[in-house]
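Chemist: Turn this into a model:
(chains A and B)
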Amino acid sequence: MTQLLIGIAAICGVSTFLAIILVIADSTIANYGEVKITINNDTEVKVQGGRPLLASLMEQKVFIPSACGGKGSCGLCKVKIKSDVGDYLPTELSWITEDEKKENIHLSCQLKIKKDIAIRIPEELFNVKEYLTEVVSLLDLTYDIKQVTLRLIEPSEIKYTSGQYIQFEVPEYELTAEPVYRAYSMASQPSRIREIELEIRLVPNGICTTYVFNHLKEGDKVTINGPYGEFYLRDTDRDIIFIAGGSGMAPIKSILYNMAENNNPRKATYFFGARAVRDLFLVEEMRELEKKLPNFTFVPALSAPLPEDDWKGETGLITEVLERYLKSGDNREAYLCGSPGMIDASVKVLTSKGVPEELIFYDKFA
Amino acid sequence: MSEGIAFYVVFFAAIFTNNILLTNYLGMCSFLAVSKEVKTATGLGMAVIFVMTITSVLNWLAYYYILVPLNLTFLRFIVFIIIIAAFVQLIEMIIERVSDRLYTSLGIFLPLITVNCAILGASLFLVIRKYTFVSSFFYGLGSGIGWALAIIAMAGIREKMKKSRVPKGLAGAGMALIIAGIMALAFMGFSGMLKIT
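Modeler: Below you'll find the model as predicted:
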């Protein structure tokens, strides 16, 4: 018994001693005081030093696009640094090209600011805002995809281009000790300025999707920031190929509804890949669009239809269907959204048919 | 048992004949994960040498001045782990503060080292083998150098191997493990030189 108590006391003693040393070190050695960030020569913000640039900027409501939420695994949060911040970290190197090194472009989630720095970011990022929203409806599109509609509260309107995405803030809950951010494309069209619609697919143990599927209720408040992204319809007169799978439907749906509202006469074919009928959704809406847009065709394809599906449409992988439909890539451009595997395979088919790589635009789920 | 062994014997044995990585297979996970380039392998190797030397000494002190007098040697695992974790954290803060260059080359590896089992293994061995304070210092230093030597050699081989055609099923970790095995065999060649148990 005494030995037990001595043991507990010893562990407590050692831990407390070490903890005190670390607390002292944290407030002396790791305390960099306030530092100043100068953005594009004219804006100055003061932040607490020693933290990553991405997080510090976000605190100041300057939002740099990032899909992974600051883990250094998406490589999107690149920022041009105008002051000397030292060498690149090995965690940055796999994302930075030689040209970017010459321009001193860093990953803002990896760069910790310890002294005053000056940075340059694209002006349009100043248009990125944080929005407080309220969940007005949660709808099951399939067994694993939910449609989430958010009404904007403050600011009450949003301006964006079809195909762009926002970041969804997941507050602290049992899977995360700090807020995390995940990117989702708008499925609604920009004319609906007071609300946005997202399509979220359940990822097993995903921090954001678990939150949306198990915790989110109508009436809940949600914070988002955006819009971001270069995935939008280019203004040309080429024929359009859309390819999507699963929740990759969202940005394409937004683009199509926007085309319908503007009576866009361009020829467009939309290949949508799913496994079985239970994975298909919004088919009726797409058929409605075919009536409104005279040159639009929707081609859903199932890779593994179930016997009870009684499926009469296209079967096979989306790449096989594409191979059958697409005779030549002349005068076409393509917009792809879905899993990296599907996109890489589809890009191969498209380029083999002669669609130039610079006319293939895609949004990969990271 | 080991009290009679001179510290320089312990030192060289820890590098060659009793290499902690190649004879005890400790620290394998970072050995396989960070051995793709000589430059990063060197960074990690240096960090291991440094941390292993210091934590060996700290843990020796904690063991003989706290745990033995209180008759709590069964708690050594947990105490060693706490000390290693706290020490690594402290060192990371200091390095980040004093030198950006050192931080980029060494600092970011430090969190990896907290969970490197070779560090804990070295501390446990020096207790099991009843090393003196001086021997413990040289054992920690030698084990660190031995580990760094192995990972740098491995990285050199893997850099060369990038250009060779490895059978598909063996590419990556499979091939690395086979090479580690051959390296271990090669290190057995040192075993006639000196021996500690």
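Chemist: How about the residues of chain A by chain B?
Modeler: Applying Cβ under 8 Å from any Cβ of the partner chain, one finds that chain A approaches chain B through A:3, A:6-7, A:10-11, A:14-15, A:18-19, A:21-22, A:25-26, A:29-30, A:85-91, A:112, A:114. Any C-beta I mention is one placed from the backbone N, CA and C, and that applies to glycine too.
Chemist: contacting residues around stretch A:163-172?
Modeler: A:63, A:65-66, A:131, A:176, A:178-186, A:196, A:198, A:207-208, A:211, A:222-229, A:231-233, A:251-252, A:254-255, A:335, A:363 (Cβ atoms under 8 Å, 6 or more residues apart in numbering or on different chains).
Chemist: Check stretch B:50-57 too.
Modeler: Here stretch B:50-57 has contacts from B:80, B:83-84, B:87-88, B:91, B:106, B:110, B:113, B:118-119, B:122-123, B:126, B:133, B:136-137, B:139-141, B:143-144, B:147, using Cβ under 8 Å, 6+ apart.
Chemist: out of those, which are inside helices?
Modeler: Using DSSP state H, the members of the contacts of stretch B:50-57 that fall in helices are B:80, B:83-84, B:87-88, B:91, B:110, B:113, B:118-119, B:122-123, B:126, B:133, B:136-137, B:139-141, B:143-144, B:147.
Chemist: Please pick the buried ones from these.
Modeler: B:80, B:83-84, B:87-88, B:91, B:110, B:113, B:118-119, B:122-123, B:126, B:136-137, B:139-141, B:143-144, B:147 (16 or more other Cβ atoms under 10 Å in any protein chain shown).
Chemist: what subset of the contacts of stretch B:50-57 is also close to chain A?
Modeler: B:Ile83.
Chemist: Return the set of buried residues in the helix or strand bottoming out on mean pLDDT in chain B.
Modeler: Every helix and strand of chain B was ranked by mean pLDDT, DSSP states H and E. The lowest is helix B:100-105, at a mean of 76. Across helix B:100-105, burial judged by 16+ other Cβ under 10 Å covers B:Asp100, B:Tyr103, B:Thr104, B:Ser105.
Chemist: What segments of chain B are strands?
Modeler: Ranges of strands within chain B: none, based on DSSP state E.
Chemist: Chain A contacts on that one?
Modeler: B:40, B:43, B:62, B:66-67, B:70-72, B:75, B:78-79, B:82-83, B:86, B:89-90, B:93-94, B:96-97, B:100-101, B:104-105, B:108.
Chemist: rerun that using 6 Å as the cut-off
Modeler: When proximity is defined as Cβ under 6 Å from any Cβ of the partner chain, chain B approaches chain A at B:40, B:70, B:72, B:75, B:79, B:82, B:86, B:89-90, B:93-94, B:97, B:100, B:104, B:108.
Chemist: Out of the residues you listed, which one has the lowest pLDDT?
Modeler: Of all these, B:Ile108 carries the smallest pLDDT score, 70.
Chemist: State the distance from that residue to B:Leu44.
Modeler: 10 Å (Cβ to Cβ, to the nearest Å).
Chemist: Same check on A:Asn31?
Modeler: 28 Å.
Chemist: These two: which has the busier surroundings?
Modeler: More crowded of A:Asn31 and B:Leu44, by other Cβ atoms under 10 Å in any protein chain shown: B:Leu44, with 29 against 13.
Chemist: With adjacent residues omitted, what lies nearest to residue 49?
Modeler: Unless you meant another one, I'm taking chain A. Residue nearest to A:Gly49 in three dimensions, not counting chain neighbours: A:Tyr32, with 2.9 Å by Cβ to Cβ, 6 or more residues apart in numbering or on different chains.
Chemist: not what I meant, chain B
Modeler: Counting by Cβ to Cβ, 6+ apart, B:Gly144 is the residue found nearest to B:Ile49 once chain neighbours are left out, at 3.4 Å.
Chemist: got a list of what that neighbour touches?
Modeler: Going by Cβ atoms under 6 Å, 6 or more residues apart in numbering or on different chains, B:Gly144 touches B:Val48, B:Ile49, B:Met52, B:Thr53.
Chemist: Most neighbours among the residues you listed, which one is it?
Modeler: Busiest of those [other Cβ under 10 Å] is B:Met52, holding 32 neighbours.
Chemist: where's the nearest residue to that residue once chain neighbours are set aside relative to B:Phe11, distance?
Modeler: Take B:Met52 and drop its neighbours on the chain: the residue closest to it by Cβ to Cβ, 6+ apart is B:Gly144, 3.8 Å away. Noted for B:Gly144: a distance of 11 Å to B:Phe11, by Cβ to Cβ.
Chemist: Now the phi/psi pair for A:His215, please.
Modeler: A:His215 adopts backbone torsions of phi -120, psi -30, taken as degrees, to the nearest 10.
Chemist: Tell me the backbone dihedrals of the closest residue to chain B within the stretch 51-200 of chain A, please.
Modeler: Closest residue of the stretch 51-200 of chain A to chain B, Cβ to the nearest Cβ: A:Gly86 (3.9 Å). Per-residue torsions, A:Gly86: phi 90, psi -170 (degrees, to the nearest 10).
Chemist: which residues does it contact?
Modeler: For A:Gly86, the contacting residues are B:Asp100, by Cβ under 6 Å, 6+ apart.
Chemist: now do A:Ser108
Modeler: Contacts of A:Ser108 (Cβ under 6 Å, 6+ apart): A:Leu53, A:Leu54, A:Ile64, A:Cys77, A:Val79.
Chemist: again, but for A:Glu92
Modeler: Counted by Cβ under 6 Å, 6+ apart, A:Glu92 has contacts A:Leu107, A:Gln110.
Chemist: Let me see the confidence value for it.
Modeler: So A:Glu92 comes in at 85 (pLDDT).
Chemist: Pull out the buried residues from the helix or strand where it lies.
Modeler: Element membership for A:Glu92 (DSSP states H and E) is helix A:90-93. Buried residues in helix A:90-93, defined by neighbour count with 16+ other Cβ under 10 Å: A:Pro90, A:Glu92.
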